[in-house]
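Peer 1: quick one: sequence plus predicted model below, questions after.
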Amino acid sequence: GAILVYRGLFLFLDIPLKLEQCLSFFLTVLLAGILYYYTFLDPDVNTRIIFFSLFFSLICFIPAFGLSQYKKEVGRFAVKLLIIMYCTIGLFYLYRVIWTLYENQLHDFMKAGLVHSLAVIACYFLVILVSFATVWIATDKLQIKLAKMARTDPLTKLYNRRTFEECCAVEFSRAVRNNSTFSIVMCDLDHFKGVNDKYGHQVGDEVLRIFSGILRNNVRKQDVAARYGGEEFVILLPETDSLKGISVAENLRAKVQSSTIRAGNDAHFSFSASFGVSNYIRDDDAWEVVLERADRSLYSAKSQGRNQVAAL
């Protein structure tokens with residue numbers, strides 16, 4: 001039971017099971033043979049207790065070592081609590097071994113003393129604490145997942161409009177305070193409705209995913225790429241003036257133009273996007289002003305033939 005508990009815990013935490021599987025199986029078979037011998041062939045309660053305690057101590061130290069390999073931030077405190085618990089119970093069972101070595105011969109385990117009673121209670125405590133810690137970690141994971149879902153677009157996995165606007169508000173305050181600048185790039189897929197009409201919405205969704213991947217893979221870590229609505233996307237570029245913003249947009253435009261998508265068995269097609277760029281200037285009283293200029297720049301790029309970059 002203890003082995004199944006820690007193996008399930010390892011799988012839940014994505015900790016790889018390596019030598020633990022073979023070692024646990026070997027110890028289980030060995031213990032079964034020893035218990036059988038000292039129960040039926042040469043009955044000896046003390047020897048059974050010693051071997052079982054040694055075995056159970058190892059079964060506690062194995063997961064303690066495995067849990068020490070856990071590197072994720074989620075549930076880190078609960079994992080540390082589990083390590084302490086496993087080590088404490090493992091040390092207690094080692095103490096039980098020493099205690100039994102110097103104890104008078106027992107003839108009935110049910111009439112054993114306090115140490116052996118505590119050993120039984122420790123097993124129940126182990127199961128309860130592991131269950132509690134698992135629920136704790138699962139709750140943390142769920143909270144992070146829900147928070148991520150609230151901040152990202154489910155189709156493209158980019159940030160959603162609400163998150164983008166929050167980031168813009170923060171960046172605007174920073175720019176005002178530090179007398180710095182930032183740029184906003186608005187981009188729109190060209191003739192996207194025609195893609196949906198001709199190839200279907202599944203292909204249209206794939207175009208959106210490919211385009212989102214291009215944005216994600218070609219901006220800096222501090223930049224914020226988001227789906228603003230439909231086939232319209234926005235990028236916040238902190239500490240970036242208009243010239244650098246245009247350079248980023250031109251690089252993205254070229255990447256999009258060179259990409260292709262497969263529709264059906266034989267059909268391949270390429271697609272393009274238009275980009276509008278604007279940067280914050282000291283006269284702007286809100287980040288929405290920068291976004292509005294970027295939107296006008298995007299309209300200018302589309303009105304001039306699409307598949308190009310325009311800036312205001």
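Peer 2: That came through, no problem.

Peer 1: part of a strand, is V219?
Peer 2: No: read with DSSP: H, G, I helix; E, B strand; the rest coil, V219 is coil and lies in no strand.

Peer 1: what number of residues are in the vicinity of it?
Peer 2: By the measure other CB atoms under 10 Å, the count of residues near V219 is 18. For every residue, glycine as well, the C-beta is placed using N, CA and C.

Peer 1: pLDDT at the nearest residue to it once chain neighbours are set aside, what is it?
Peer 2: Leaving aside its chain neighbours, V219 sits nearest to A225 (5.5 Å; criterion: CB to CB, 6 or more residues apart in numbering). As predicted, A225 sits at a pLDDT of 96.

Peer 1: quick one, phi/psi of A225?
Peer 2: phi -100, psi 130 (degrees, to the nearest 10).

Peer 1: and it, bridged to which residues?
Peer 2: With DSSP bridges as the criterion, A225 is bridged to I235.

Peer 1: burial count for it?
Peer 2: 23.

Peer 1: contacts only, for it.
Peer 2: L158, Y159, S212, L215, R216, V219, F233, V234, I235 (CB atoms under 8 Å, 6 or more residues apart in numbering).

Peer 1: if we go to 7 Å?
Peer 2: Applying CB atoms under 7 Å, 6 or more residues apart in numbering, one finds that A225 lies in contact with L158, Y159, L215, R216, V219, F233, I235.

Peer 1: which helix or strand contains E292?
Peer 2: Assigned by DSSP states H and E, E292 belongs to helix 287-303.

Peer 1: for the helix or strand that that helix is followed by, which helices and strands make contact with it?
Peer 2: Using DSSP H and E, the helix or strand that follows helix 287-303 towards the C-terminus is strand 309-311. Where contact means 3 or more CB pairs under 7 Å, 6 or more residues apart in numbering; DSSP states H and E, strand 309-311 is packed against helix 242-257, strand 273-279, helix 287-303.

Peer 1: flag every buried residue along the longest helix along the chain.
Peer 2: Assignment by DSSP state H gives helix 114-151 as the longest helix of the chain. Neighbour counts over helix 114-151 (16 or more other CB atoms under 10 Å) mark H116, A119, A122, L126, L129, V130, A133, T134, W136, I137, D140 as buried.

Peer 1: buried ones in stretch 19-29?
Peer 2: Quick answer for stretch 19-29 (16+ other CB under 10 Å): E20, S24, L27.

Peer 1: from these, which is closest to K72?
Peer 2: Among the buried residues of stretch 19-29, E20 lies closest to K72 (CB to CB), at 19.0 Å.

Peer 1: so who does that closest one touch?
Peer 2: Contacts for E20 (CB under 7 Å, 6+ apart) come out as I62, G66.

Peer 1: tell me which element it is part of?
Peer 2: Assigned by DSSP H and E, E20 belongs to helix 19-36.
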